[in-house]
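[1] Sequence plus the predicted model coming up.
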Amino acid sequence: MSTLGTRRPLLTAAIAFLIITPLILLAAWSPSPSQSVQSPSALVLQLDELAASGRWEQVHKMVDYQKKGADLVPDLWAAGSEEARSTLVTLLQSLFEKTWTQVHKSRAFMSGSRLSEMYLSPTDMLVEQVALAGEPEQALRYWVVRGNDGWVIWDRTIRVGKIHHTRGGYVAAVRKKIAEQLGRPPTLGEFASNAPSWLGRLRTRRIRVPDAPVPSKQKQ
């Protein structure tokens, strides 16, 4: 048998290995929703598509609730246990679902919306989703950050005209009420457990934002 004849099976096997192995690895890798999109606007559009079909588990993978929790109550979050953090994350997920559903079922958003993007830094962007109908203008504002796996949403606020619903004042009011209820400052777990009972009692603090950032890049 010639040397070429001896090597041919080995050569064929090597070629097959080089072709099949990448295909196996590609099939085994399943990107998260935030990894599979190319821009923050595409991320928001994909989130809307998933939420509209009730696939909330996938939606929540697109939001960094850990960063959101640490931003809302930094002192409580830093001192909180994993169990307490998990309780707060579950609450934030529930609120995210409720707000998205209420806003997108409103008459203003039922008419459609447009997206605008504005870089706040090389790794931070504001995506504003503005309803096409309604007066005053209504918008959801998504705060997006670029991580190792691509863009991810870490916060979302609401704007009605020039009235911007803020996070800080509302959270401070809830913490104050819980502290009065307990007779002392709450722990993270106590805050997360008691906050839902105050959600319907306190009105979100509002401030006028005459010079609020207005994204310049618009997408239909």
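    Received, thanks.
[2] Point out where the protein drops to low pLDDT.
    Counting by pLDDT under 70, the ranges of the chain that qualify are 1-37, 166-168, 203-220.
[3] now the helices: where do they sit in this structure?
    Defined through DSSP state H, the helices belonging to the chain, from first to last, are 3-28, 40-52, 56-60, 65-72, 74-79, 82-104, 107-110, 168-182, 188-199.
[4] Mind checking the ones you listed for the one nearest to Glu128?
    helix 40-52 (9.5 Å; Cβ to Cβ). C-beta: built from backbone N, CA, C; applies to glycine.
[5] Which positions in that closest one come out as buried?
    Pro40, Ser41, Leu43, Val44, Leu45, Gln46, Leu47, Asp48, Leu50, Ala51 (16 or more other Cβ atoms under 10 Å).
[6] out of the helices of the chain, which comes closest to Leu140?
    Between Leu140 and these, the tightest spacing by Cβ to Cβ is seen for helix 82-104, at 6.0 Å.
[7] So Gln38 versus Gly150, what's the distance?
    For Gln38, the distance to Gly150 under the criterion Cβ to Cβ, to the nearest Å works out to 8 Å.
[8] out of those two, which sits in the busier spot?
    The residue with more neighbours, out of Gln38 and Gly150, is Gly150; 18 against 9, by other Cβ atoms under 10 Å.
[9] Tell me how many other residues surround Trp154.
    Other residues lying near Trp154 total 19 when counted by other Cβ under 10 Å.
[10] My error: substitute Ser106 in the last question.
    Other residues near Ser106 come to 14 when the count uses other Cβ under 10 Å.
[11] Verify the stated contact: it with Gln138.
    Yes. Contact between Ser106 and Gln138 holds when scored by Cβ atoms under 8 Å: they sit 7.3 Å apart.
[12] list residues touching both of the two?
    Taking Cβ atoms under 8 Å, 6 or more residues apart in numbering as the contact definition, Ser106 and Gln138 share the neighbouring residues Ala131.
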